[in-house]
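Engineer: my questions are about this predicted structure, shown below with the sequence.
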Amino acid sequence: FSKAICAGRASELNKLRSAAGKIFELPQHYFAISHARDAELEIHQLLGITGKASESYPLLPPLLFPGNIVDRTCKTLFSNWQPIAKILSCCLKGRTSLSHQSRQQGGAPPNAVKWGVMVVTPGAVAWAIVAFQNIFLLSPDQEFPQEGKGKTSRINYGTLYAFCKELLVCDWEKPHLKEIIKHINTFIF
């Protein structure tokens, strides 16, 4: 999944950016490339920052938790699964999947068919969390570095992806995470 998405990341990023308002339930203009997302209070709250200069971003931002409230025990981590599911659905099935419109016949098959994806994996969920859903689309960064740090935010996306994937792999069979993954798969497929 990650290799396939890297090959078409610019087009996927544009697709996700154009659907970000629906994904996050925020005004769509927040996600224009030139928009100063770092000036938006709603985005500060989702990312767990105040907006002060040189502030570092938390490793596990509030938007990963239900109600965007951090649970220090991490028992509810990833429970805010809807944005994750929307990101993956948009990427795998197209923007129309977010409005539950049926896909028009003809044209190229959706990525889920092209890539043979029938269920989500820890890597796909970690990618959705870090690369787009939870971090990049909300960050002030205008370009997505394949490896390394964001130019403006200084978020190390590669390290964050590895951290999230490790958490998911280690907990993949735990009842709480299995229930979340079941919801995500039901939403997408």
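Structural biologist: Arrived safely, thanks for sending.

Engineer: can you classify residue 71 as helix, strand or coil?
Structural biologist: coil (DSSP: H, G, I helix; E, B strand; the rest coil).

Engineer: ok, it touching residue 64?
Structural biologist: No - using Cβ atoms under 8 Å, residue 71 makes no contact with residue 64, being 9.4 Å away. To be clear about C-beta, it is placed using only N, CA and C from the backbone, and glycine gets the same treatment.

Engineer: what is in contact with those two at once?
Structural biologist: Taking Cβ atoms under 8 Å, 6 or more residues apart in numbering as the contact rule, residue 71 and residue 64 both touch residue 77.

Engineer: so which of those two has more stuff around it?
Structural biologist: Neighbour totals were compared for residue 71 and residue 64, and residue 64 leads with 27 against 15 (other Cβ atoms under 10 Å).

Engineer: the more buried one and residue 128: what is the separation?
Structural biologist: Distance from residue 64 to residue 128, counting by Cβ to Cβ, to the nearest Å: 11 Å.

Engineer: how confident was the prediction at residue 132?
Structural biologist: Here the pLDDT value assigned to residue 132 is 57.

Engineer: got it, and residue 1?
Structural biologist: So, for residue 1, pLDDT stands at 45.
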